[in-house]
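A.B. asks: from the sequence below, what's the structure:
(one chain, ligands or ions: 1)
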Amino acid sequence: MNPVADAIRKVTAAMQKELESGDRSAGIDTNDLVDVLLAIADELDPPFGEPVAEEDACPKCGERQSDNLVWQDDETVRCANCGHRYQPGR
Ligand SMILES: [Zn+2]
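C.D. replies: Purely as a prediction, here's the structure:
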């Protein structure tokens, strides 16, 4: 099993499905290429969850990826990126 080949196959299958259903043009432009490359990258290295609101971001480093902002027992959030602890929304 080669994860890169698997990712390419999976994205290709999704593209073929979109082509068959008419959701995607059979012509290819730069945007299509970017979509495909990013989709392959996301398969190999899944993106983090949705970013948190701007006011809830880490005040020290600006981290907004919810997976890197971990709620602690004392109602603070610990930023996994820089280690800062803070109360969000303040
Ligand atoms: Zn931080």
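A.B. asks: what sits against Arg78?
C.D. replies: Contact analysis of Arg78 by CB atoms under 8 Å, 6 or more residues apart in numbering lists 69-70, 72, 84-85. The way it works is simple: take the backbone N, C-alpha and C, and place the C-beta from them, glycine included.
A.B. asks: swap in 7 Å and give it another go.
C.D. replies: The neighbours of Arg78, taking CB atoms under 7 Å, 6 or more residues apart in numbering as the test, are 70, 72, 85.
A.B. asks: tell me how many other residues surround the last one.
C.D. replies: Around Arg85 there are 13 other residues, counting by other CB atoms under 10 Å.
A.B. asks: got a list of what it touches?
C.D. replies: 72, 76-78.
A.B. asks: neighbour-wise, give me the winner out of these.
C.D. replies: Val77 (22 neighbours).
A.B. asks: Arg24 in helix, strand or coil?
C.D. replies: Secondary structure, DSSP: H, G, I helix; E, B strand; the rest coil: Arg24 is coil.
A.B. asks: list the contacts for Pro3?
C.D. replies: By CB under 7 Å, 6+ apart, the contact set of Pro3 is Leu44.
A.B. asks: distance of it relative to Lys10?
C.D. replies: Distance, Pro3 to Lys10, using CB to CB, to the nearest Å: 10 Å.
A.B. asks: over to Arg85?
C.D. replies: 39 Å.
A.B. asks: next, the residue located most distally from the centre of the chain: phi, psi?
C.D. replies: In the chain, the residue that sits farthest from the middle, by CA atoms, centre = their mean, is Asp74; the gap is 28.4 Å. Here is the backbone geometry of Asp74 (degrees, to the nearest 10): phi -90, psi 30.
A.B. asks: need the pLDDT of it.
C.D. replies: In this model, Asp74 is scored at 92, pLDDT.
A.B. asks: sweet, I'm off.
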